[in-house]
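[1] Build the 3D model from these lines:
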Amino acid sequence: MGVDFKSLTEATSGAVGGLLSTTLLYPLDTCKSKYQAEAKAGVNRKYKSLFDVFWESVGQGKVSSLYQGLGTKNLQSVISQFIYFYSYSIFKQWYLAKAKVSKMGTGTNLLVAAAAGTCTAVLTQPLDTASTRMQTSAFGKSKGLWATLTEGSWQEAYAGFGASLVLVSNPAIQYTVFEQLKDFLLRPEVVVEVVGTERVRKTSPKVLTAFQAFLVGALAKTVATILTYPAIRAKIMLQAAESDEDKARRLNGGNDPNVRHRARNMLEAFQQIGTEEGVRGYFKGLHAQIVKTVLSAALMLMIKEKVASSTWLVMMALQKYLAASETKMKTVSLPASAVAPIGVVGIALASKAVR
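    Presented below is the predicted three-dimensional model:
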């Protein structure tokens, strides 16, 4: 039929999991981002801890601003998760077919996951930058998506892109650890279906229990976060919105060496962190990042696993329906000009079911 139902199942369940986990943990994500974006030390620091960000919103009576940029973040989350899981599934199936093997090794899994992450970064970086700017804006001063995307140059929309490419190793490590542990814990279920006069053996997706998926997802994301955190911190700094005070100080400071200029790339961000905060600065907010990303990844993978099983059944039923429709069309010998539109409608129905 031309529709890859297995990849659609992976992509759809991953997108739903990402959407729900992002929404549930968004206030924590906002506090974390604003805390990480500040590159100051000692008495110059505005936020001494993650809780200072929260109490600032309470003190200003703008607790709802902890949700600023949620729509953009959800849009970015759904699109990126869909692209990531779809491309991962496509690359994985392509490799298995070419190599004529039943499973990938750890090294190959890393490469496939990295390729999927690269595709995701290229296509969703402007949304990622916009959502971070909206989160790190002063409470109550966040702009809309279009205004945020167009307030600077096109190059600024890709701020932190170099760090994003480095960070493709994060989901690569995470998903590889998750899949390897999943393969260790479970065996695939083989379903025998009767098609005409033949018995066809199909392998259904392996499904973890909710508790297993949560624990395995948490462990996988913890490992990935610790290994890649300095790049995560640099990316947040590059994408963060510039406060009115910092902007005025920068524009009026001229060549004053005491005025801190905004980092333009990952190396400059690293230098700025080292100068302002020392070595410990590279891991500032690590605990907050672990709490947020581990909970987010664990929830996302847990939801994905539960959604995948029901989505798989829907996809298989839809595939049977479309196959039966195609057989019926061949039986009545419809002309090619009539078959084409029906095929298009079938694919449209499949897309609607996925959404």
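[2] And whichever helix or strand Glu305 is part of, what does it pack against?
    Secondary structure assignment for Glu305, by DSSP states H and E: helix 286-331. Here helix 286-331 touches helix 5-24, helix 26-37, helix 210-239, helix 336-354, going by 3 or more CB pairs under 8 Å, 6 or more residues apart in numbering; DSSP states H and E. For glycine as for every other residue, the C-beta is placed from the backbone atoms N, C-alpha and C.
[3] Mind listing residues that contact the shortest one?
    For helix 26-37, contacts defined as CB atoms under 8 Å, 6 or more residues apart in numbering pick out 22, 47, 49-54, 66-70, 73, 132, 135-136, 232-233, 236-237, 240, 284-285, 288-289, 291-292, 295-296.
[4] how about a cut-off of 6 Å?
    47, 50, 53-54, 66-67, 70, 135-136, 233, 236-237, 240, 285, 288, 292 (CB atoms under 6 Å, 6 or more residues apart in numbering).
[5] In three-state terms, label the closest residue to Gln76 other than its chain neighbours for me.
    Leaving aside its chain neighbours, Gln76 sits nearest to Leu127 (3.9 Å; criterion: CB to CB, 6 or more residues apart in numbering). Under DSSP: H, G, I helix; E, B strand; the rest coil, Leu127 falls in the helix class.
[6] And for Arg199?
    Classified using three-state DSSP, Arg199 is strand.
[7] Beta-bridge partners for it, please?
    Val194 (DSSP bridges).
[8] Could you report the neighbour count for it?
    9 (other CB atoms under 10 Å).
[9] now do the one 10 residues further on
    Thr209 sits with 13 neighbouring residues when counted by other CB under 10 Å.
[10] per-residue confidence at the residue nearest to Ala115 when sequence neighbours are not counted?
    Sequence neighbours aside, Phe91 is the residue nearest to Ala115 in space, at 5.4 Å (criterion: CB to CB, 6+ apart). Phe91 is assigned a predicted lDDT (pLDDT) of 92.
[11] any weak-confidence spans in the stretch 151-300 of the chain?
    The stretch 151-300 of the chain contains residues with pLDDT under 70 at 187-198, 200-206, 243-247, 249-251, 253-261.
[12] cutoff 90 now
    151-157, 168-227, 241-265, 272, 275-281, 285, 287-300 (pLDDT under 90).
[13] Identify each buried residue in stretch 212-230, please.
    212-214, 216-225, 228-230 (16 or more other CB atoms under 10 Å).
[14] now do stretch 268-277
    Quick answer for stretch 268-277 (16+ other CB under 10 Å): 269-270, 272-273, 276-277.
[15] and it, how far from the chain's centre?
    27 Å (CA atoms, centre = their mean, to the nearest Å).
[16] Okay, and which of the buried residues of stretch 268-277 map to helices?
    Judged by DSSP state H, helices contain the following of the buried residues of stretch 268-277: 269-270, 272-273, 276-277.
[17] Return the closest of those residues with respect to Thr327.
    The shortest approach to Thr327 among those belongs to Ala269, at 59.2 Å (CB to CB).
[18] What's the separation between the closest one and Thr108?
    Going from Ala269 to Thr108 by CB to CB, to the nearest Å gives 32 Å.
[19] re the thing from before, mind giving me JSON lines with the helices and strands packed on helix 286-331 and columns for distance to Leu145?
    Formatted as JSON lines, the helices and strands packed on helix 286-331 follow (distance: least, CB to CB, whole Å):
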{"stretch": "helix 5-24", "distance to Leu145": "16"}
{"stretch": "helix 26-37", "distance to Leu145": "16"}
{"stretch": "helix 210-239", "distance to Leu145": "14"}
{"stretch": "helix 336-354", "distance to Leu145": "24"}
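[20] ok, back up a step: I'd like to know which of the ones in helices among the buried residues of stretch 268-277 is nearest to Ser169.
    For these, the nearest to Ser169 is Phe270 (16.6 Å; CB to CB).
[21] which parts of stretch 34-45 are buried?
    34-39, 45.
[22] now do stretch 122-130
    Quick answer for stretch 122-130 (16+ other CB under 10 Å): 124-130.
[23] how much space between the closest residue to Gly274 other than its chain neighbours and Ile273?
    Setting aside the residues directly before and after it, Gly274 is nearest to Gly281 in space (CB to CB, 6+ apart), at 6.9 Å. From Gly281 across to Ile273, the span is 4 Å (CB to CB).
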